[in-house]
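*Asks:* okay, here's the prediction I keep looking at, along with the sequence it came from:
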Amino acid sequence: MSRALALVALLTLAGCAARSSDGYRRSLAAGDRAKSAGRYDEAAAAYAEAARAASKERDRDEGAFLEAATLAQGGRHQEAMAAYDRLIAASPRGERSERAVYERALLEIEHGDAAAGWAALERALLTLPGAGTGRRALHKLVEHAEAEAPGGGGHRWLDAHRATLAKTELDEDVRYLIAKALEAEGKAAEARAAYVACAEAHPYPFGSLTDDSWWNAAALADKQGDAAAAVTYLQRLLAPREVATMKQGSYERPRYAAAQYRLAELYRDRLADPLRARREFHVLYERHTTSPLRDDALWNEALLARQAGDRQATCDVARELVRALPESRYAGCASQLCPGQSDSPKAPACRDYLRAALSP
């Protein structure tokens, strides 16, 4: 008999939980519909009801967070801050609480006591650096410090907190921002070293700013007259380029093609090595198959071949321009590059400034 009663009690509890879960889902869906329609007050009320109906702590926190965020979206900023406070107090270790701390601080900055909000944002960053909004908060705090003390305030803030943030996932951003600050202050040698250190500390594929660091280091090296170092930095940027399997192409990052093009330019303009420049321009055309720089690369390769008196290579590149990139502006100059080669009928007529580049 006792076993039967226990089974009845268990089934009753299960039914209650199911009804609670159904209520949560219905209220959440109602909130989503109202928010999509711009009815933020209605949406906030529905999310609050979802939080009350939730049988799981995680669902309750989700409803509470959405209530606060929707109140803020609807312009009810003080009520939104109060809602964030309730969520943080009720679930200090919940999945949404770290984000709530950040959002609460940002609302305070924009719609309450700004000084208190900045202090709260800084505390959040230093104690909860791994939260999803940590990176955004870091940049906002640095910008604020610079605005408060132009000409180095942001840099000083970074230096003051560098040791603490070095142990977190924000270390790369801190290093990069310090390098940018040094560059802005005109300390080119220190900035260059800082960019290199950032790239080496957070190499591909783990760093999100690796390519930017190598790129900026190369630009500074070039300005300092150290073209050889600039080439090395660009080669290190390009070295980890991956090729996907199953003929799906390459994992292209935004700096790849530009870095390859700049590498060729350095060999041509700084290191007086036109043959190597020709090879590097062709690498861009051959490997970076989605880049809009491909026709520029072929054109420059052809010009260098022409200047070297290599008629066969010049004509080979002219033919490739017409064949592979028939709508390129350069394909309308193929006959100018190689007598006997027809221009592409799909290309515009050869422009005067391109004809000028062909002059001896």
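*Replies:* On my side now, so go ahead.
*Asks:* which residue is nearest the centroid of this protein?
*Replies:* residue 208 (7.0 Å; Cα atoms, centre = their mean).
*Asks:* the nearest residue to that one once chain neighbours are set aside: neighbour count?
*Replies:* Nearest residue to residue 208 in three dimensions, chain neighbours excluded: residue 172, at 6.8 Å (Cβ to Cβ, 6 or more residues apart in numbering). The C-beta positions use only the backbone N, C-alpha and C, and glycine is treated the same way. Other residues near residue 172 come to 20 when the count uses other Cβ atoms under 10 Å.
*Asks:* look at residue 172 and report its pLDDT.
*Replies:* We have a pLDDT of 98 for residue 172.
*Asks:* check which helix or strand it maps to.
*Replies:* helix 171-184 (DSSP states H and E).
*Asks:* so how far is that helix from its chain's centroid?
*Replies:* 16 Å (Cα atoms, centre = their mean, to the nearest Å).
*Asks:* then stretch 77-95?
*Replies:* For stretch 77-95 - counting by Cα atoms, centre = their mean - the centre lies 30 Å from the chain centre.
*Asks:* got it, and stretch 206-218?
*Replies:* Averaged over its C-alpha atoms, stretch 206-218 has a centre that lies 12 Å from its chain's centre (Cα atoms, centre = their mean).
*Asks:* what's it in contact with?
*Replies:* 172-173, 176, 179-180, 183, 191-192, 195-196, 198-199, 201-204, 229-231, 233-234, 236-237, 253-256, 258-259, 262 (Cβ atoms under 8 Å, 6 or more residues apart in numbering).
*Asks:* let's see it at 6 Å
*Replies:* The contact list for stretch 206-218 (Cβ atoms under 6 Å, 6 or more residues apart in numbering) reads 172, 176, 192, 195-196, 198-199, 202-204, 230, 233-234, 236-237, 253, 255.
*Asks:* all helices of the stretch 51-200 of the chain, in order?
*Replies:* Along the stretch 51-200 of the chain, counting by DSSP state H, counting those that start in this stretch, helices occupy 57-73, 77-90, 97-111, 114-127, 134-148, 153-165, 171-184, 188-201.
*Asks:* how about those in CSV, adding distance to residue 340?
*Replies:* Shown next, in CSV, are the helices of the stretch 51-200 of the chain (distance: least, Cβ to Cβ, whole Å):
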stretch, distance to residue 340
helix 57-73, 67
helix 77-90, 73
helix 97-111, 67
helix 114-127, 66
helix 134-148, 57
helix 153-165, 61
helix 171-184, 50
helix 188-201, 48
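*Asks:* which stretch among those comes nearest residue 331?
*Replies:* Closest to residue 331 of the helices of the stretch 51-200 of the chain is helix 188-201 (Cβ to Cβ; 37.6 Å).
*Asks:* now do the buried residues in that closest one.
*Replies:* Neighbour-count burial for helix 188-201 flags 190-192, 194-196, 198-199 (criterion: 16 or more other Cβ atoms under 10 Å).
*Asks:* now stretch 162-173
*Replies:* 165, 168, 170-173.
*Asks:* can I get it as CSV, trimmed to CA atoms?
*Replies:* C-alpha atoms of stretch 162-173 as CSV (Å, rounded to 0.1, in the frame of the first residue of the first chain):
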residue,chain,number,x,y,z
ARG,A,162,47.5,44.4,-16.9
ALA,A,163,48.7,42.0,-14.3
THR,A,164,45.2,41.0,-13.2
LEU,A,165,43.9,40.6,-16.7
ALA,A,166,47.0,38.7,-17.9
LYS,A,167,45.6,35.6,-16.2
THR,A,168,42.4,35.8,-18.1
GLU,A,169,41.1,35.3,-21.7
LEU,A,170,41.3,39.1,-22.1
ASP,A,171,45.1,39.1,-22.1
GLU,A,172,45.3,39.3,-25.9
ASP,A,173,43.0,42.3,-26.0
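*Asks:* where's residue 317 relative to residue 138, distance?
*Replies:* Distance, residue 317 to residue 138, using Cβ to Cβ, to the nearest Å: 47 Å.
*Asks:* for residue 347, helix, strand, or coil?
*Replies:* coil (DSSP: H, G, I helix; E, B strand; the rest coil).
*Asks:* would you confirm that it contacts residue 331?
*Replies:* Yes. Counting by Cβ atoms under 6 Å, residue 347 does reach residue 331; the two are 3.9 Å apart.
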